[in-house]
Structures are given as structure tokens and as C-alpha cells.
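S.K.: Take this sequence and fold it.
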Amino acid sequence: MTRKPAAKTSRSVLTWVIPVMAVAVLGGYLAGERVGTRESTPAASPLGSAESPRGDGGPVDFASMAPQERASRLYDRVMRFGETGRLDSARFFAPMALQAYTALGTPDAHTHYDVGMIWAVVGDSLKARSEAENILNERPTHLLGLLLAMRTAATPSLRATYQRRFIAAKTAELAVALPEYDEHRHDIEGALRAAAAAKK
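M.R.: Numbering: from 1, shown residues only. The predicted structure is shown next:
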């Protein structure tokens, strides 16, 4: 007589325990899927096929490119996303771009500028300024070094100092016709326009 209520109670408990357990297991599985996807996407084959987290015209096989082309293409992506305010996408590609530049070997002024600009876009001004210093230690009048230092200056007064040096050096430096000046002419001309506008 005493066993019948117990059996009834067990069945009653099971009617709600089993669904709750099933929901909990399913929720844990889906959460794990989301975390796994989020963590594995950026790390998977950094220099292999990749596309923006929001999409950018389909995957690009960076691994098949020559080292310099790979670095340039990744730099362009980071800059484009930075200019359009898509910082999540810029930060997604920045580690790939930095790795690509590391693979080029000993950096020159052009590489220091590109790497510094990548750091600037993702918000690390300290590392960006370090790259600018590397350029200016070798060539104090280098326009890209001054431009990068100007962009990432810690204070308005330092920014103004670098801007004055930039303006003073522009004529002689552009006459040297360094390859990186031609490639980054848009940046240089933009800085000159900004400086001219600031004087008005």
C-alpha cells in the first residue's frame, strides 16, 4: 500500500525533470557552438582564406599570394574598414596583416609606416608612435614618419610640432621621390590639406 504513492510521485517528478534537463543540455550545446565559432574563426589559418566577419565580397586566398602582395592587400582591408568605421572588421584583419609584415623580414621605413597605421586604426597609439620613432630615428624629415607621429601624438602641442616639421620638410622630401611617398600620396596630400585648413 505504501509503494503506490511513491511510484506516482516519481512519475510526477519525471514529467517535469526530463524536459528541464533536455532544455538545459540543448542550451549548453548551442552556447558551446556559439563560443566555439566565435573563438575559432579568427584563429583558423591566419594567412589562409579569410573574409570579413560582416562579409566583404567573399573569401580571399591570402596564402596563395606573394608575401608583399599579401601584406599590401591586408593593409588595404584594415585601412578601408577603419575609414568606414567598421572597427570590428579592422581588428579581425589586423593580426593577419601584422603577421604578413613580419614575414617580409627586416622592416624599412615603408613597413614601419604601414605597421604603425595598422596599430593606429585599431587604437594602439603607443605602438603606432613607436613605429613613427623608428622611421624618424633613421630620417628625421621622413614625411610618413612625421605624418604617423602627428596622427598619434600624445598631446595637441606635440601634434602641432610634428605638423610644423611636416610642412617644413615637404618640398625637399617630395623632391626625393621615395617609393613610399608615391604609394601613400593620398595620405600625404590629405595631411597637407588638413594643415592648410588649420591655418585659415
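S.K.: Every contact and neighbour count from this point should use C-alpha atoms.
M.R.: Noted.
S.K.: Please spell out which residues along stretch 181-196 are buried.
M.R.: 181, 187-188, 191-192, 195 (16 or more other Cα atoms under 10 Å).
S.K.: so can I have CSV of these showing secondary structure and pLDDT?
M.R.: CSV is the format used below for the buried residues of stretch 181-196 (DSSP: H, G, I helix; E, B strand; the rest coil; pLDDT from 0 to 100):
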residue, secondary structure, pLDDT
Y181, helix, 96
D187, helix, 95
I188, helix, 95
A191, helix, 92
L192, helix, 90
A195, helix, 82
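S.K.: Looking at these, which is nearest R151?
M.R.: A191 (9.3 Å; Cα to Cα).
S.K.: wouldn't that closest one be in contact with L147 here?
M.R.: Yes - taking contacts as Cα atoms under 8 Å, A191 lies within contact range of L147: 7.3 Å.
S.K.: Check what contacts stretch 79-87 and list those residues.
M.R.: For stretch 79-87, contacts defined as Cα atoms under 8 Å, 6 or more residues apart in numbering pick out 89-90, 118, 121-122.
S.K.: Show me where the chain has its strands.
M.R.: 49-50, 60-61 (DSSP state E).
S.K.: pLDDT on the first one, on average?
M.R.: Within the predicted structure, the mean pLDDT of strand 49-50 is 50.
S.K.: what about P67, distance to T102?
M.R.: Using Cα to Cα, to the nearest Å, we find P67 at a distance of 10 Å from T102.
S.K.: what do you get for S72?
M.R.: For S72, the distance to T102 (Cα to Cα) stands at 12 Å.
S.K.: cool, and R70?
M.R.: 12 Å.
S.K.: How many residues are close by the nearest residue to L104 once chain neighbours are set aside?
M.R.: Using Cα to Cα, 6 or more residues apart in numbering and skipping the chain neighbours, the partner closest in space to L104 is P67 (6.5 Å). P67 has 15 neighbours, counted by other Cα atoms under 10 Å.
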